[in-house]
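Visitor: predicted model and sequence follow; I will ask about them next.
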Amino acid sequence: MTILGVHAISAGRAIVWADSELYYRGLPTGECEKIVVNRYLGLVGVGSGRDVALRLVDEHVSAANSLDLLLERLPAVLRRVPWRFPGGERMNADYVVCAFDHRVRRVVAFAYSSADGFSPRAVRGFVVPDTRGGPYAETADDCISVAQDQLSAMQRQMPAATGGVLTMATITADGVDKRAIFDFRRACMLRAA
C-alpha cells in the first residue's frame, strides 16, 4: 500500500504527492522515492509497488523525450514489470503520469492500474487510499492534511506503517518543482509549506 495523490487543480497547475515507505505483509520494509521527474518534458510519474518495479518504470518515464510516445508505450512497459512481492504473490499497483502538455496548453494526468490491465485513464484527481473523495489538495498544507488522513487509513490495516517522508511536486507550464515537505515519523515540516 502507498500514500499517493494527484490533483490537476486547473489547466495550468497540478500537485502530486507520495510517501516514501515500502511495505510487505503489513510491515515496513524500507523506503524509496516514489515520484520521478522528467525535467525535459516537465512531467512526473508516481506509483505504488515494490522499489524494483518502480525503478524499472521510472527509467522509462525519466528517459522519455515525447509525452505522446510515453503515454502510448507506458501500458506495455507496466505490463512487463514484475509486480510481485518477494514471496511471489501478485501485488496491486497504480502509476500516474502528470505533465503540462504544451501542445494542448494544459495539465494532463493519466492513471494506470493493475486492476484493469494498466489501460490509461485520463484523471483530474487520483488518490490512494482515497479517504476524502475529493476535492484533493491545492497547497503543501493540503497535501500534508490529506496524506495524514491517508496514513491513518493505512494504519487501520497496517498498524506499523509510518509513511516515511512526504514528497510533493508542483507541475506548471514552467516545469516541475519537487521537494520533501513532511516527515511523518517526527511529525514535522521539512520546509515551509
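Guide: The structure has been received and is ready for your questions. Predicted model, so just to flag it, every value in this text is computed and none were measured.

Visitor: and for Asp19, nearest residue in space, chain neighbours not counted?
Guide: Closest residue in space to Asp19, ignoring its immediate chain neighbours: Ile3 at 3.9 Å, by C-beta to C-beta, 6 or more residues apart in numbering. Where you see a C-beta, it was placed from the backbone N, CA and C, and this is true even at glycine.

Visitor: separation between the spatially most central residue of the chain and Glu33?
Guide: Using C-alpha atoms, centre = their mean, the residue of the chain that lies closest to the mean C-alpha position is Val46, 2.9 Å off. As judged by C-beta to C-beta, to the nearest Å, Val46 and Glu33 stand 10 Å apart.

Visitor: pull the longest helix from the protein.
Guide: helix 140-157 (DSSP state H).

Visitor: can I get the CA coordinates of it in CSV?
Guide: Extracted in CSV, the C-alpha atoms of helix 140-157 (Å, rounded to 0.1, in the frame of the first residue of the first chain):
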residue,chain,number,x,y,z
ALA,A,140,1.6,21.8,0.6
ASP,A,141,-0.5,22.2,3.8
ASP,A,142,-3.4,20.5,2.0
CYS,A,143,-1.1,17.7,0.9
ILE,A,144,0.1,17.1,4.4
SER,A,145,-3.5,17.1,5.7
VAL,A,146,-4.7,14.6,3.1
ALA,A,147,-1.6,12.4,3.5
GLN,A,148,-2.2,12.3,7.3
ASP,A,149,-5.7,11.1,6.6
GLN,A,150,-4.4,8.5,4.1
LEU,A,151,-1.8,7.3,6.7
SER,A,152,-4.5,6.9,9.3
ALA,A,153,-6.5,4.8,6.9
MET,A,154,-3.4,2.7,6.2
GLN,A,155,-2.6,2.2,9.8
ARG,A,156,-6.0,0.6,10.4
GLN,A,157,-4.9,-2.2,8.1
